[in-house]
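# got a structure for you, letters missing:
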């Protein structure tokens, strides 16, 4: 991954890579708008492939590239939260119905408590950044609502939907805190749950 020593250049590339999930979402929306039949979404396929690839390559990532991969995972999670929370507040039932798919992928891959293809090192990193990125994107979307709906009572209803969705995204963390095979992963997950209680209370 990108051998330049320029930190800003690396970060820009990582942000662009993580941002590809929005491109995939746009492709899905174009198909929906065109009423084109599709058996599987671009976004779902892309997201699954991302986690499969990171899991497969994890053990071979050298010490010089690991920080870049960790940052990519963080940015990918950030983009996904931003995308899904954005769906939740739009007046489009089709978008709201898509929320379940990212959750299924998360439960099957990075936050699967017992899937042996997922390295514990990746699980630990995901748990480390999960609440921080979820809270950050939740606050960002809420701020947009405040700016757009300052005089609209619907704003509070949308904020309630966002908080409910944030709690849904904490459910895989709660599950892994109970069912993970690794004691270290369980402990880290419990810490994340505690942090979420502090930061996602509304």
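Sure thing, it's come through. Being a predicted model, the structure only gives us computed values, none of them experimental.
# In terms of secondary structure, what does the worst-scoring helix or strand of the chain on mean pLDDT contact?
Counting by mean pLDDT, DSSP states H and E, the weakest-scoring helix or strand in the chain turns out to be helix 93-96, with a mean of 73. Here helix 93-96 touches helix 66-88, going by 3 or more CB pairs under 8 Å, 6 or more residues apart in numbering; DSSP states H and E. Backbone N, C-alpha and C define where each C-beta goes, glycine included.
# buried sites along the helix it packs on?
68-88 (16 or more other CB atoms under 10 Å).
# Just after the longest helix along the chain, pick out the following helix or strand.
Counting by DSSP state H, the longest helix found in the chain is helix 120-148. Of the helices and strands lying after helix 120-148 in sequence (DSSP states H and E), the nearest is helix 154-179.
# buried ones in that following helix?
Buried residues in helix 154-179, defined by neighbour count with 16+ other CB under 10 Å: 155, 158-159, 162, 165-166, 169-170, 172-174, 176-177.
# pLDDT and distance to residue 100 for these - can I get that in CSV?
CSV is the format used below for the buried residues of helix 154-179 (pLDDT from 0 to 100; distance: CB to CB, whole Å):
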residue, pLDDT, distance to residue 100
155, 77, 25
158, 87, 19
159, 87, 21
162, 93, 16
165, 93, 11
166, 95, 15
169, 96, 12
170, 97, 15
172, 97, 13
173, 98, 17
174, 98, 17
176, 97, 19
177, 98, 22
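# can those residues go into TSV with extra columns for distance to residue 192?
Formatted as TSV, the buried residues of helix 154-179 follow (distance: CB to CB, whole Å):
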residue	distance to residue 192
155	28
158	25
159	22
162	19
165	17
166	13
169	11
170	8
172	10
173	5
174	9
176	9
177	8
